[in-house]
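# Sequence below, structure please.
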Amino acid sequence: MKRHKIFFLFLFIFLGVQAYAQNSAELKRKKEAIQREIELLQKNLNKAASAKKLTLGEIRALNAKIGLMQSKITVINSEIKNLDNQIHENTNTVHSLRDQLGQLKKEYAGMIRFAQRNKNAYDKMMFVFAAKDFNQAYKRIKYLQQFGQYRKKQADYIQGTEKNLNNKIVVLDKSLKEKSSLLKEQESERQKLGKDKSEQSAVLNRFSKQEKQFSQDIAKRKKQQQAIDREIRNAIEREIALAKKRAEEEERLEAAKAKAENRPVPVAAKTKSNGAYLTATPEAARLSAAFESNRGSLPWPVAQGSITESFGRHKEGQANYDNTGITIQTAEGASIRAVFNGKVLRVMSSLGKYFVLIKHGEYFTVYQNLHSVSVAAGDNVTTKQTIGTVSTSGDIPELQFQIWRGTTAQNPEAWIAK
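Numbering: from 1, shown residues only. So this is what the prediction gives:
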């Protein structure tokens, strides 16, 4: 029975270690990913600071960096909590193993004393011959054999338990040192966060002094973005109109063919949605369905980046504006990638920068603020294919990324991988 308890204790220890290792590795990966984003934003901030001109990109980068640092501290807290649980479990296991070891040694000592009393062959023979009958004598012989085997097994159990106890003590000591290291890291990150929040206050103070200039810049940017969005909507509407025209022409030809063959003329639907026209062909329908099935797992349009402005309504000072996509800060000269298979619908330029519109059935993706473009209208592209390089907006390399379903803008954060 005790052997079963020891077995289940070891099994519990093994499973606990496996679960802890997996959770710990996941937290470590998450922390490293956050740190890479922080370093990228800091690199952009350093470059922007050297220009000695405050920009909206710099403000967004600083705000995003502070958010990431708070997330990193949260991850460190989770690591500490994870370690505390493991330390608690290991401490309990050490106590349990020590109790088990004490009991095993006590039982083993009893067996040794019995063996000492019956150590010579004469005593063993007397023990056998003292039996009432042959059957009992046989059982006593088997007992002596099994006793020797059991004593050897007990010795093995004691050695195994001592080994596991020592290993667990080593792991416990390592966990305590790791916790101490994490507490130091946590304190260091809190100090950095405090410094960045002071910098944020200074930046916001500069912003308030230059609010009039920033309001003008925001109004200008808003006007430019509205013009680009109009071009995008117009391009999508033209594509819908062409799809509708093709569908109506096919219906007309089918009706004429049916009439010539003296067959009933197919009744065309009076109204169709834009999506129905855009997915009228089997290929377009499959592509659209495949795009939609990848919601939440589409690759990012850059290999490394951080979202510094989310989808929807925003306010800077007294100025309000809408972001029909997300703003991603990335590395200088970074390659911009198509997030899914599709066909390049338009390549347009505005104020010396490019934007690319790609069709995926009834869905469209838009990549704005490109310095150069490596595709042309009509090209078929594949997932993660490079379509251009990012431009620098006010000394900050930023990509404006959008997803549309027909003429309705979607929140890209709901579509790209976390």
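# how about the helices of this structure, start to end?
2-50, 56-117, 121-129, 134-209, 211-260, 274-278, 282-293 (DSSP state H).
# Okay, I336 and P299: tell me how far apart.
12 Å (Cβ to Cβ, to the nearest Å). Heads up, the C-betas are built off the backbone N, CA and C, glycines and all.
# where exactly do the strands run in the stretch 301-418 of the chain?
305-309, 312-316, 319-323, 326-330, 335-337, 342-350, 353-360, 363-373, 380-381, 386-390, 392-393, 396-405, 408-410 (DSSP state E, counting those that start in this stretch).
# want to throw those into CSV with distance to K177 and mean pLDDT?
Shown next, in CSV, are these (distance: least, Cβ to Cβ, whole Å; pLDDT from 0 to 100):
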stretch, distance to K177, mean pLDDT
strand 305-309, 32, 89
strand 312-316, 46, 73
strand 319-323, 46, 72
strand 326-330, 37, 91
strand 335-337, 42, 95
strand 342-350, 52, 90
strand 353-360, 51, 93
strand 363-373, 47, 93
strand 380-381, 51, 95
strand 386-390, 43, 94
strand 392-393, 45, 68
strand 396-405, 41, 91
strand 408-410, 48, 91
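# Check the helices of the chain for me: which has the lowest mean pLDDT.
The stretch with the lowest mean pLDDT among these is helix 121-129, at a mean of 52.
# What sits closest to R36 if chain neighbours are left out?
Leaving aside its chain neighbours, R36 sits nearest to Q304 (6.7 Å; criterion: Cβ to Cβ, 6 or more residues apart in numbering).
# In contact with the one you found, which residues are there?
36-37, 40, 330-331, 334 (Cβ atoms under 8 Å, 6 or more residues apart in numbering).
# Can you add neighbour count and give these back as JSON lines?
Conversion of the contacts of Q304 to JSON lines gives the following (neighbours: other Cβ atoms under 10 Å):
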{"residue": "R36", "neighbour count": "13"}
{"residue": "E37", "neighbour count": "21"}
{"residue": "L40", "neighbour count": "22"}
{"residue": "T330", "neighbour count": "22"}
{"residue": "A331", "neighbour count": "15"}
{"residue": "A334", "neighbour count": "20"}
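# neighbour count winner among I336 and P299?
I336 (28 against 15; other Cβ atoms under 10 Å).
# Quick check, the more buried one in contact with P301.
Yes - using Cβ atoms under 8 Å, I336 is in contact with P301, at 5.7 Å.
# what touches both of these two?
In contact with both I336 and P301: 367, 399, using Cβ under 8 Å, 6+ apart.
# okay, now the residue nearest to D322 when sequence neighbours are not counted: neighbour count?
Distances taken as Cβ to Cβ, 6+ apart place R313 nearest to D322, at 5.7 Å, with adjacent residues excluded. The number of residues packed near R313 is 9, by other Cβ under 10 Å.
# Equivalent analysis for I358, please.
25.
# can you check the one 10 residues further on too?
Summarising burial for Q368: neighbours were counted as other Cβ under 10 Å, giving 25.
# Isn't G312 up against N411?
Yes - between G312 and N411 a contact is recorded at 7.4 Å, counting by Cβ under 8 Å.
# When the two are compared, which one has more neighbours?
Relative neighbour count places N411 above the other of G312 and N411, with 15 against 11, counting by other Cβ under 10 Å.
# Now do the same contact list for the closest residue in space to that one that isn't next to it in sequence.
Closest residue to N411 apart from its sequence neighbours, by Cβ to Cβ, 6+ apart: F311 at 4.1 Å. Residues near F311 by Cβ under 8 Å, 6+ apart: 323-326, 409, 411-413.
# Please pick the buried ones from those residues.
Burial by neighbour count, judged by 16 or more other Cβ atoms under 10 Å, picks out 323-326, 409, 412 from the contacts of F311.
# gap between D196 and K43?
15 Å.
# and the two? which has more neighbours close in?
D196 (20 against 15).
# Tell me how far that one lies from Q400.
D196 is 25 Å from Q400, by Cβ to Cβ.
# Just put the contacts of Q304 in CSV and tack on distance to K257.
Formatted as CSV, those follow (distance: Cβ to Cβ, whole Å):
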residue, distance to K257
R36, 60
E37, 59
L40, 60
T330, 53
A331, 57
A334, 53
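# Closest one to L182 out of those, please.
Within the contacts of Q304, proximity to L182 (Cβ to Cβ) peaks at R36, which comes in at 19.1 Å.
# Distance check, that closest one against E79.
17 Å.
# swap in K353?
42 Å.
# domain parsing for this structure?
Using automatic domain parsing, the domain ranges for the chain come out as 2-209, 215-414.
# Can you get me a residue count around G296?
Counted with other Cβ under 10 Å, residues neighbouring G296 total 11.
# quick one, what contacts it?
Per Cβ under 8 Å, 6+ apart, neighbours of G296: 414-418.
# which residues sit in contact with A331?
40, 43, 302, 304-305, 397.
# Mind doing that once more with 10 Å?
40, 43-44, 302-305, 390, 397 (Cβ atoms under 10 Å, 6 or more residues apart in numbering).
# next one: F340
287, 290-291, 294, 298-299, 358, 360-361, 363, 365, 381-385, 403, 415.
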